[in-house]
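**Student:** no sequence for this one, just the structure:
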């Protein structure tokens, strides 16, 4: 491990790492250019480098993209990658209140903390953590997905019913295409392009970016900019202090992020969503969530960044990548004749550890660059809406196209976008729709697989026994009970305050 | 994105370029060639494309730009190639039997027989694998368990191709078991095997080689013993009829002129004859293949027969 540390500290390693981080900054900021795409595009370039330098660069890109996807999420309410969806819930309202710099710096600090924690897990706890991850089979993933769905309660906005309907719409959109297991074409209306399903990235761009652009156009007469912004000096230090003022919240988000990141197939988007939902649940004052609470941004960003190094843990302990960018990094190693997996600890142990340290340093480099650039990045919102709206639209179209090089995805993106714009005016929140889109591909295949496994034993046995299942079911039930309870309390309070007002009015009457 | 690929490809090419003369004739190739990978970055097809990229660039004297067109189990990428101009400047991976299965019984815009095949480069036979510390140590033990407990053995496979392979497997082993379809490839299946959520899985021998630290292959399809694995062939243990095989190659759009296919084929042979490519294939448990375009076309036609046979087995199994 010390050797790895020394290797990762070499100037050439740090140089390529920084190059990776800078490319990651661009990749994450542009919606549609995901960390997967960015790392895949960079792979040929790593052939010219030492394997360790190459993976340091790819790792740097991955880690930084998990930060920089927060930039468009906060500034223009469009997540740069699916992992930043939850960041937008509070990040964008913060920007609207003129707290753009705080939001970006907060995301940056959180990303650094998350990365340090995740990389620490990779370096110290890889083997014990993977033992827990292996306990997750199809039924466990199903319940994890169901638990994550209960997040709707925290982001539904005014109406739980509309939140549930939104989640249902998202799940339905995710079910388009060839079904899992029996491979039947669903909702394809005879259109061959729909067989491949709706691309998650294109779908999310549609859900978030297009309605944003359309409402910008609607407001053109009323508003010239997204929000006011004046750079403040000393904002970085103040924000760092603000983030660290909630140590329990920070640790909880980091633990959730690392643990979900380690599960092959779950990944950063789910980590961020679960972390956000838990942040809402465990906070005493929930009133500001969704309206510009810094803790919403930090919960999401700490978790999605902790998940990035954690996704490398299954790669080095099992030989199975924990996320799509991890799969690309695995491919890059294989092309160099290195077989990612437990043997790598024996054959190239230094590389395994230097990679861990590189990920850790990537967090630090991301923080330095991110907080330096933050005041300039926030200036984006000073671009007049009549220029910004077409610019976002252009990026949305490019992003939707680039993800699979398919023009059909652009049509789907536009269609979903207009649809979401319309139902947003009816009081629907785009959050649950995006949530359904992200969770559908986790919940459905695991349900199908678990049902097949149940053929060998019984449904009861597969779904309702096993420690992990019971914990996840209990969490889901508690989560739903909690939502029902808070709704009731709020209603009682409203009624109480209403009747108190009446009494006051009555009292006033009598006095008069 | 394409331009980015071009730049990155150019950098990689400049680094790896060597001095051997390119094989070209009659002005072809004179510009960059687009290589469609119809599966996700980091997968088997991506690995194949990357292995061949440097050699093809050297031997053709032009850049190879890799472009991902994913979705529909490969159908989206295959369809894109089918619609591309047959001028030798667009090629793609082909995975057999996947291309056959992807087009079966539905209109995906192409028939496997339409394409101009350049040649298959490698293959891997099917394998039945369990986790390292499984209670099953041999093929006979797992067969005995399944016979004693009909329907209790859970066998994972990838998607519907996996299901028809499964039908062939249970017939060969003479057992009744439960199939668990995994979507998203062998990468998604391995943690379920390692964690004991399924008893065993059907994968390619290449995966068995790559993951031998964590999974054990109990038996192989086909008749030839693998050099990289100690597992016996099922046939040698008296279980006949498991023929699963996965083959990777490259192909061009329908109607690509034969002289251009010949140039591509020659470049491909030069590339795969290189010891670094060959070693990479062997190290990953793949069996190198050398084919003429005609042999490749015939190979796909032959495999179509095998796929039909497996599908009939599956139909019979589901009826039971």
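**Tutor:** Structure's in. What do you need? Just so you know, these numbers come straight off a predicted model, no measurement behind them.
**Student:** Quickly find the element holding the spatially closest residue to residue A:275 that is not a sequence neighbour.
**Tutor:** Spatial nearest neighbour of residue A:275, chain neighbours left out: residue A:303 (3.4 Å); criterion: Cβ to Cβ, 6 or more residues apart in numbering or on different chains. All C-beta spots, glycine's among them, are computed from the backbone N, C-alpha and C. Assigned by DSSP states H and E, residue A:303 belongs to helix A:294-310.
**Student:** Might you calculate how far that helix sits from the centre of the chain?
**Tutor:** Centre-to-centre, helix A:294-310 and its host chain are 8 Å apart (Cα atoms, centre = their mean, to the nearest Å).
**Student:** That one packs against which elements?
**Tutor:** Judged by 3 or more Cβ pairs under 8 Å, 6 or more residues apart in numbering or on different chains; DSSP states H and E, the packing partners of helix A:294-310 are helix A:51-68, helix A:70-76, helix A:85-96, helix A:100-124, helix A:235-244, helix A:247-262, helix A:267-282, helix A:349-378.
**Student:** In a markdown table, list the ones you listed along with mean pLDDT.
**Tutor:** Below are the helices and strands packed on helix A:294-310 laid out as a markdown table (pLDDT from 0 to 100):
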| stretch | mean pLDDT |
| --- | --- |
| helix A:51-68 | 94 |
| helix A:70-76 | 92 |
| helix A:85-96 | 92 |
| helix A:100-124 | 94 |
| helix A:235-244 | 89 |
| helix A:247-262 | 94 |
| helix A:267-282 | 90 |
| helix A:349-378 | 91 |
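**Student:** Need these in a markdown table (columns: mean neighbour count).
**Tutor:** Formatted as a markdown table, the helices and strands packed on helix A:294-310 follow (neighbours: other Cβ atoms under 10 Å in any protein chain shown):
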| stretch | mean neighbour count |
| --- | --- |
| helix A:51-68 | 30 |
| helix A:70-76 | 30 |
| helix A:85-96 | 27 |
| helix A:100-124 | 28 |
| helix A:235-244 | 18 |
| helix A:247-262 | 23 |
| helix A:267-282 | 27 |
| helix A:349-378 | 22 |
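**Student:** Could you dump those into TSV with distance to residue B:232 added?
**Tutor:** Below are those laid out as TSV (distance: least, Cβ to Cβ, whole Å):
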stretch	distance to residue B:232
helix A:51-68	35
helix A:70-76	54
helix A:85-96	50
helix A:100-124	38
helix A:235-244	59
helix A:247-262	35
helix A:267-282	38
helix A:349-378	33
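**Student:** What ranges in the stretch 401-512 of chain A fall below the confidence cut-off?
**Tutor:** Within the stretch 401-512 of chain A, the segments meeting pLDDT under 70 span A:500-512.
**Student:** Close to chain B: what parts of it are there?
**Tutor:** A:402, A:404-406, A:445, A:448-449, A:452-453, A:455-457 (Cβ under 8 Å from any Cβ of the partner chain).
**Student:** can you do 6 Å?
**Tutor:** Within the stretch 401-512 of chain A, the positions near chain B by Cβ under 6 Å from any Cβ of the partner chain are A:402, A:404-405, A:445, A:449, A:452-453, A:455-456.
**Student:** how much space is there between the residue nearest to residue A:275 and residue A:236?
**Tutor:** Going from residue A:303 to residue A:236 by Cβ to Cβ, to the nearest Å gives 22 Å.
**Student:** Then residue A:345?
**Tutor:** The value you get for residue A:345 to residue A:236, if Cβ to Cβ is used, is 39 Å.
**Student:** show me where chain B has helices.
**Tutor:** Taking DSSP state H, the helices of chain B run over residues B:2-16, B:44-60, B:75-83, B:98-102, B:139-148, B:159-173, B:186-194, B:205-210, B:258-273, B:275-283, B:293-319.
**Student:** and chain B, which residues reach chain A?
**Tutor:** Contact residues, chain B versus chain A (Cβ under 6 Å from any Cβ): B:1, B:4, B:8-9, B:11-12, B:15, B:41-42, B:46-47, B:50, B:67, B:69-72, B:76, B:109, B:152, B:154, B:160, B:178, B:180-181, B:183, B:187, B:190-192, B:194-195, B:197, B:211, B:213-214.
**Student:** Nothing else from me, thank you.
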